[in-house]
Structure formats: C-alpha cells, structure tokens
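1. Let's see this in three dimensions:
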Amino acid sequence: MARFELMVNALRTGQAPPALAWWEPDGEKTAATYADYSLDESLDLLHNSRDSMAVFLKSLTEAERSAPAIHKTFGEITIESMIQVILNHDEEHRATFN
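-> Numbering: from 1, shown residues only. Below you'll find the predicted structure:
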C-alpha cells in the first residue's frame, strides 16, 4: 500500500505524480523468510494483507482512486488501474495451482 499512499499524498498536496520503478522480491530471501510458515499461516498473511488493502481502498474517494503515478513498466497508471494489475497478478499465481 505504500505506493498507493504515495499517489494519494501527491494528489492531496498538489505534487507531481510519483515515479514508480518495477520491483520484484528476491526469491531466495522470500523463500527463507517464509520457509517455516505453515500453509494456514501463509494463507492468513495473504488474506490479512488483502483485507488491509481493501479497507484502505474503500476509504478513498473516487478522485483519490484516480490518483496517478508514472510507472517505469506500465507508464501512466492510477490506483484503479494498479488494482487491475494486482488482480491479474493474483490470477496468474492462482492459475499455477490447477
């Protein structure tokens, strides 16, 4: 949500849209961090993260959901378009379980 917060803050304060770089987690560090988590613990973390994001997004006005940023890979984006990217990303991962 840090990126969403940057975007909303820039909109609220009249700053230029923030520039966002592509980011990928380090696979080895991520694997080491979660190596001892059970499936239930991992699912709880995932659900809690998504629940927190939903609460934050629901608190935004329509104008705030349209807050822009310039993404290195996707170009000009808004919070709403980032939500679609996140949903597509989650769907890609979900599809690997079938």
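2. what mean pLDDT does whatever helix or strand Glu41 lives in have?
-> For Glu41, the element it lies in under DSSP states H and E is helix 39-58. Throughout helix 39-58, pLDDT has a mean value of 92.
3. which residues are in contact with it?
-> Under the contact criterion C-beta atoms under 8 Å, 6 or more residues apart in numbering, helix 39-58 has outside partners 1, 4, 34, 37, 65, 79, 83. For every residue, glycine as well, the C-beta is placed using N, CA and C.
4. again, but for stretch 13-20
-> Under the contact criterion C-beta under 8 Å, 6+ apart, stretch 13-20 has outside partners 3, 6-7, 9-10, 67-72, 76-77.
5. Quick one: buried ones out of those?
-> The neighbour count (16 or more other C-beta atoms under 10 Å) marks 6-7, 10, 67-69, 71, 77 as buried among the contacts of stretch 13-20.
6. Secondary structure added to those residues, as JSON lines?
-> JSON lines is the format used below for those (DSSP: H, G, I helix; E, B strand; the rest coil):
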{"residue": "Leu6", "secondary structure": "helix"}
{"residue": "Met7", "secondary structure": "helix"}
{"residue": "Ala10", "secondary structure": "helix"}
{"residue": "Ala67", "secondary structure": "coil"}
{"residue": "Pro68", "secondary structure": "strand"}
{"residue": "Ala69", "secondary structure": "strand"}
{"residue": "His71", "secondary structure": "strand"}
{"residue": "Ile77", "secondary structure": "strand"}
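7. would JSON lines of those with pLDDT and distance to Leu20 be doable?
-> Output for the buried ones among the contacts of stretch 13-20, formatted as JSON lines (pLDDT from 0 to 100; distance: C-beta to C-beta, whole Å):
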{"residue": "Leu6", "pLDDT": "93", "distance to Leu20": "8"}
{"residue": "Met7", "pLDDT": "96", "distance to Leu20": "8"}
{"residue": "Ala10", "pLDDT": "97", "distance to Leu20": "11"}
{"residue": "Ala67", "pLDDT": "97", "distance to Leu20": "12"}
{"residue": "Pro68", "pLDDT": "97", "distance to Leu20": "10"}
{"residue": "Ala69", "pLDDT": "97", "distance to Leu20": "5"}
{"residue": "His71", "pLDDT": "91", "distance to Leu20": "5"}
{"residue": "Ile77", "pLDDT": "94", "distance to Leu20": "8"}
